[in-house]
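[1] Have a look at this prediction, sequence included:
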Amino acid sequence: MNKIRINQGRILPWQFRMVGTLIVLGSMAFSLLQLSEFPAIVICIGISFLIPAMWSAYYILEIDPEQKTISVFSWVLSFKNGKTKSFQEVEKIFVNETKKAQRMTSWSGQVRTSKFNEYMAFLKLVEGDKYFLISDPDPANLMKRLTPISEKLGCDIHENYEKT
């Protein structure tokens, strides 16, 4: 079993998870106060399963070099939903540098802009398909994380940016 599984982040941002949890808890409290005992307990048990589903939802990329398949799926409470595609060969892993800016405005009208570089790694197949792997603001850390992946896939890492 030589599969490479890369967690590409949560499906729901933390704000939605927090608000969703509060809505579910509020709905449970409302049903306990307004309904009779048995229907309220059934409703509370039923909607309580939404909380772990919200907090355990991830995007996953799974590469199986032995079977030559690549899967992109959503993972929620151990249930996978997505597509699997076969490939001939991995051409390369390439790293691009992106410049990002974030603008923050305070209540007083003061504007602060933060600029930073982020390095993003992609997997390119011989067929021409490209898949996002991982990203990191530190290129050395990104290379450290990419090395085991490239060794398992048997491909080279190409850096498409100027080193300083």
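    Nice, thanks for sending it over.
[2] confidence score at the residue of the chain positioned farthest from its centre?
    In terms of distance from the mean C-alpha position of the chain, Ser36 ranks first, at 41.4 Å (Cα atoms, centre = their mean). Looking at Ser36, its pLDDT is 92.
[3] any idea how far Ser27 is from it?
    Here the criterion is Cβ to Cβ, to the nearest Å. By it, Ser36 lies 16 Å from Ser27. C-beta coordinates here come from the backbone N, C-alpha and C atoms, glycine included.
[4] Which of the residues in the lengthiest helix in the chain are classified as buried?
    Longest helix of the chain, by residue count under DSSP state H: helix 14-34. Going by neighbour count (16 or more other Cβ atoms under 10 Å), the buried part of helix 14-34 is 17, 20, 24, 28, 31.
[5] elements contacting that helix?
    helix 37-48, helix 50-55 (3 or more Cβ pairs under 8 Å, 6 or more residues apart in numbering; DSSP states H and E).
[6] Which of these sits closest to Leu123?
    Ranking those by proximity to Leu123 (Cβ to Cβ) places helix 50-55 first, at 28.2 Å.
[7] List the buried residues in that closest one.
    Here helix 50-55 shows 54-55 as buried, counting by 16+ other Cβ under 10 Å.
[8] Look up which residues are beta-bridged to Ser71.
    Beta-bridge pairing for Ser71 (DSSP bridges): Glu62, Thr84.
[9] Count the residues that sit near it.
    16 (other Cβ atoms under 10 Å).
[10] pretty sure it is touching Glu62, no?
    Yes. The pair Ser71 and Glu62 qualifies as a contact (Cβ atoms under 8 Å) at a distance of 4.4 Å.
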